[in-house]
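Undergrad: Give the three-dimensional model of this entry:
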Amino acid sequence: MNSLHPEKKLESGEGYEFYRQIYENSMDAILLTAPDGRILAANPAACAMFGQCEDDIKKVGRAGVVDVTDPQLRELLKKRDASGHVKGELIGIRKDGTRFPIEFSSSIFKDQHGESRTSMIIRDISERKRMESHLEQTNERLQALIENLPDAIYTFDLKERKTTNFNRTSFLGYSYEELNEPGYLLTRIHPDDVEEVSAYWQRVMRGEASESFEYRLQNKDEQWEWIDSCSIPIASNPDGTPKEIMVILRVITGRMMTEEQLSYHARILENVNDVIIGTDENFVIRYWNFAAEHAFGWKAEEVIGKIVGEVLRTVYSEGGREESIRQINETGMWKGEVIQFTKDERPLNIDANIMMIRNSAGKVVGFVSANRDITRRKQAEEKLQQAKDAVEATNAELQQALTREQLLARTDGLTGLFNRRHFFSLAEQVFAVSTRYRTPISIIIFDIDHFKLVNDRWGHHMGDNILKHIARISLEQVREADVLARYGGEEFIVLLPNSNADEAFSVAERIRKNVMSYRIDPKKTQAGITVSAGIAEKSMKMTTLDHLIRCADQALYTAKESGRNCVKIYRGVSWGLG
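TA: Predicted coordinates:
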């Protein structure tokens, strides 16, 4: 059974072709170098990345493809010398002098003569860096928008009961640190408002509070300020209740003082609210209360005897004037929103209530209008809506950028399957669960037989189409819980949770048979393709995912030696891996 050892294969040359295929067909640049920086070999991907042929890359050496003036390079080389392996980011240099960011992994090894050699696997991360920069700029714009809003805005984690972000360095005289201290502002709520505030927050936590809420809060100078609070859910729990909310706080003390003053005068007028204007049947003003003076700027003596329309120049919505006349004639009253102008030409949003007055004989003798200035509310609603729209638009843009970034980071660009890196991220978690709960888990590794001949005969475009076709076939045969990925080149890997080797064998056989029925060019030839597969089931001795994968890889070698187009299961210590 010694022929099954990987090292024996390399010595006999049986495994050389496999690794050469990986080297030549890798989508990442691979350099074989000497520790002193000389480049001994470069794969086609490296030539394409740096815009130079292999001989030119060998001539220019490390200094010709990497910015050797970067202080980080020296530190990374020291780490590699100390541990034998290093990963990091540097600046690559193309033949035309173009500089671009790269991510690389480098290891030191001994060749067959005992000479120290180093390998470098390099990936162009220009697109990723561009996306990161775009995301950062978007975040900066969003932050600038939030920080310059007139209101205080913070986000609050309802589960952790803590503030996660606050757009102000201070509010009501309190410092940023005080504002972020758990429960700090709760102790500053007016005693008379505590119960209502508590009830409001209970509604918020149940997702029932959509209205704004007003209460009193003590400022740093121990004065009471009126606050208008509005909460907007920004993240939800599975049951639909809010998980995190955005709270918008506006100090409305000035507005509340005005309303109290209006209320005081309203009580004088036998509890009639707001602006009261009385006219005769011809709309000539006969009564103009203090609230009207306050709202519109005219003293009573200035407007008494004038037609109300000439004083206030009321503007209705389209068709509103005709509708108001119709309703008054039919019902004796009308309610709606209009725009009226002050003495100094300022437009006010008015909530108007007009009632017809009749004498004892039923004759119309006049009209009374009870009006309320809602300009501030309208302005506040408009500003709040603008802020909300801006935040939602920015959040949508951020989410799109994040989704694109996450997709690029975890999928293979050709097949759309998970890439090797994301496979290991998921597989390690599944392996840990299997180990903890002692549930079965299996690995399938399969690759395309004689794939180089396919590329040589029909071209790389056909080879890419075959890889994509096999990916689609494989997706149809695996479960949603299984983890399917492109392992590298023409090699694929499947992790099957809660599956033993025999169950994995059934999956692999289905994939193999479906692939075997595929024809490369059915119009011109009946030539087909086949795959070979190796399977390993986790045993008690397999304490790492890498061990399980190596066993499946060993079984794949056996399938290749057995004539290809077959599936083999790893059978234990007699195979040479234990």
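Undergrad: Please parse the protein into its domains.
TA: Domain assignment of the chain by automatic domain parsing yields the ranges 2-124, 140-251, 269-373, 420-575.
Undergrad: show me where pLDDT drops low in the stretch 451-578 of the chain?
TA: Along the stretch 451-578 of the chain, segments meeting pLDDT under 70 span 521-526, 573-578.
Undergrad: residue boundaries of the helices in it?
TA: 451-458, 460-477, 501-516, 545-561 (DSSP state H, counting those that start in this stretch).
Undergrad: Next one: the residue sitting furthest away from the middle of the chain from residue 328, what distance?
TA: Farthest-out residue of the chain from its mean C-alpha position, per C-alpha atoms, centre = their mean: residue 361, at 71.2 Å. Residue 361 sits 19 Å away from residue 328, going by C-beta to C-beta, to the nearest Å. For glycine as for every other residue, the C-beta is placed from the backbone atoms N, C-alpha and C.
Undergrad: Check residue 189 too.
TA: Remark: distance between residue 189 and residue 328 (C-beta to C-beta) = 45 Å.
Undergrad: What of residue 306?
TA: From residue 306 to residue 328 the distance is 21 Å (C-beta to C-beta).
Undergrad: swap in residue 165?
TA: For residue 165, the distance to residue 328 (C-beta to C-beta) stands at 51 Å.
Undergrad: Also residue 505?
TA: Note on residue 505: its distance to residue 328, by C-beta to C-beta, is 86 Å.
Undergrad: Comparing these two, which shows the higher neighbour count?
TA: residue 505 (19 against 16; other C-beta atoms under 10 Å).
Undergrad: Just list the residues touching the more buried one, thanks.
TA: Neighbour list for residue 505: 535, 567, 569 [criterion: C-beta atoms under 8 Å, 6 or more residues apart in numbering].
Undergrad: a markdown table please, covering these and showing neighbour count.
TA: Shown next, in a markdown table, are the contacts of residue 505 (neighbours: other C-beta atoms under 10 Å):
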| residue | neighbour count |
| --- | --- |
| 535 | 29 |
| 567 | 23 |
| 569 | 22 |
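Undergrad: Could I get those residues in a markdown table, plus columns for distance to residue 382?
TA: Formatted as a markdown table, the contacts of residue 505 follow (distance: C-beta to C-beta, whole Å):
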| residue | distance to residue 382 |
| --- | --- |
| 535 | 65 |
| 567 | 68 |
| 569 | 70 |
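Undergrad: which one among the residues you listed gets closest to residue 60?
TA: Nearest to residue 60 out of the contacts of residue 505 is residue 535 (C-beta to C-beta; 45.7 Å).
Undergrad: dump the residue contacts of that closest one.
TA: Residue 535 is in contact with 442-444, 501, 504-505, 508, 552, 555, 567-570, counting by C-beta under 8 Å, 6+ apart.
Undergrad: In a markdown table: those residues, plus distance to residue 229.
TA: As requested, the contacts of residue 535 are exported to a markdown table (distance: C-beta to C-beta, whole Å):
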| residue | distance to residue 229 |
| --- | --- |
| 442 | 56 |
| 443 | 55 |
| 444 | 57 |
| 501 | 61 |
| 504 | 58 |
| 505 | 63 |
| 508 | 61 |
| 552 | 59 |
| 555 | 64 |
| 567 | 65 |
| 568 | 68 |
| 569 | 65 |
| 570 | 64 |
